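Asker: quick one: sequence and predicted model below, then my questions.
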Amino acid sequence: MKAYEVSAFTRKGKGGNLAGVVIMDNLLNDDEMQEIATRFGYSETAFVEVFEPNIFNVRFFTVTNEVDLCGHATIATFHLLNEEKYITKKEAFQYTKAGKLKVIFDENILMEMSKPILKDDLDKEECAYLLNIDSNKILNKPKIVEVGLPDCMVIVKDYETLQSINIRKEELAKYSDEKEITGFHVGTIEKNKYYVRNFAPACGIDEESATGTANGGMFIYLQSKGYIKGTEEILFKQGDSMNLPSEIAVKQIDETIWVGGKATTIKELEV
């Protein structure tokens with residue numbers, strides 16, 4: 001099987017978020033894929049079954065469990081598929097547990113997100129406690145938003161507060177399981193720039209340097225609160241706290257949210 005390490009959502013060719021990508025004619029069983037993902041140790045590993053040119057079945061595994069969709073692993077996957085000549089058009093499709101989703105190729109690789117769902121508001125005091133910050137630093141009510149995966153969206157007052165977050169790991173993991181969310185996606189706006197951090201200890205990810213689905217959700221949340229006007233493209237900057245600068249582009253075309261960025265193949269792996 002062909003397997004690679006790919007960095008997705010890189011900023012000026014640096015940083016990004018590493019994913020494992022395994023290409024095969026037929027998928028392995030769930031236990032085997034989970035074992036490989038655990039052994040690789042990336043936040044997500046994508047297993048790709050080639051149906052025909054430009055059409056693929058993709059499964060995503062963290063080090064501990066399977067997830068329905070993963071943004072950075074999708075960008076990594078389709079960068080690699082294009083590089084390895086599996087892509088012959090400017091658009092392709094992936095069948096995922098979040099549905100059949102389109103991927104298009106222009107300046108960035110852009111992935112179609114599943115229809116956004118705005119879910120429950122969460123308690124500001126509880127969220128502040130889990131993030132280890134003062135509740136008065138949180139703007140608006142935190143809210144669960146699902147764009148492929150459900151995350152709690154939190155807006156804080158400034159960049160300093162964002163960078164000061166030191167999560168209560170075990171309690172946040174337990175809370176995430178109770179609320180049936182992937183984790184917390186926290187953002188702020190400073191000097192017309194959008195900065196975010198992502199915490200998903202329930203999935204074995206203390207912090208992630210670049211997230212696709214969560215930034216799609218953050219776009220919808222900011223839009224619902226009036227921070228984003230219309231359908232303008234937003235560049236989310238992530239990974240600064242991890243010294244892995246990443247950039248995720250999010251835009252809306254008609255009613256569809258698209259998330260994208262650039263990627264770089266790092267090395268070939270052995271399975």
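Answerer: Structure received.
Asker: domain assignment for the protein?
Answerer: Annotated domains of the chain cover 2-113+259-269, 117-257 [automatic domain parsing].
Asker: is it possible to get JSON lines of those domains that adds mean pLDDT and mean neighbour count?
Answerer: (Each C-beta comes from the backbone N, C-alpha and C, glycine too.) Supplementary listing: those in JSON lines, determined by pLDDT from 0 to 100; neighbours: other C-beta atoms under 10 Å:
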{"stretch": "domain 2-113+259-269", "mean pLDDT": "94", "mean neighbour count": "20"}
{"stretch": "domain 117-257", "mean pLDDT": "95", "mean neighbour count": "19"}
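Asker: specify the beta-bridge partners of Ile117.
Answerer: Glu146 (DSSP bridges).
Asker: does it really touch Val145, like I thought?
Answerer: Yes. Contact criterion C-beta atoms under 8 Å: Ile117 and Val145 qualify, at 7.2 Å.
Asker: is the residue nearest to Ile234 when sequence neighbours are not counted in a helix, a strand, or coil?
Answerer: Once flanking residues are discounted, Ile234 sits nearest to Val250: 5.1 Å by C-beta to C-beta, 6 or more residues apart in numbering. Val250 falls in the strand class when you classify it by DSSP: H, G, I helix; E, B strand; the rest coil.
Asker: for Val250, give the beta-bridge partners.
Answerer: Where Val250 sits in a bridge, its partners, by DSSP bridges, are Ile234, Val259.
Asker: can you name the residues that contact it?
Answerer: By C-beta atoms under 8 Å, 6 or more residues apart in numbering, the residues touching Val250 are 215-216, 218-219, 233-234, 236, 257-260.
Asker: redo that, cut-off 10 Å
Answerer: Applying C-beta atoms under 10 Å, 6 or more residues apart in numbering, we find Val250 in contact with 71, 110, 113, 147, 194, 212, 215-220, 222-223, 228, 232-236, 257-261.
Asker: stretch 82-97: end-to-end distance?
Answerer: End-to-end distance for stretch 82-97, by C-alpha to C-alpha, to the nearest Å: 22 Å.
Asker: how close does the residue nearest to Ile234 get to Val259?
Answerer: 5 Å (C-beta to C-beta, to the nearest Å).
Asker: list the residues that contact both of the two?
Answerer: Jointly contacting Val250 and Val259 under the rule C-beta under 10 Å, 6+ apart are 71, 110, 113, 147, 212, 215-217, 219, 236.
Asker: kindly export stretch 259-271 (C-alpha atoms) in CSV.
Answerer: Extracted in CSV, the C-alpha atoms of stretch 259-271 (Å, rounded to 0.1, in the frame of the first residue of the first chain):
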residue,chain,number,x,y,z
VAL,A,259,-12.8,25.1,3.4
GLY,A,260,-9.3,24.9,1.8
GLY,A,261,-5.7,25.6,1.8
LYS,A,262,-2.4,24.3,0.5
ALA,A,263,-0.4,21.1,1.3
THR,A,264,3.1,19.6,1.0
THR,A,265,4.1,15.9,0.8
ILE,A,266,6.7,15.3,3.5
LYS,A,267,7.8,11.7,3.1
GLU,A,268,6.7,8.2,2.1
LEU,A,269,5.7,5.8,5.0
GLU,A,270,5.9,2.0,5.4
VAL,A,271,2.8,0.0,6.3
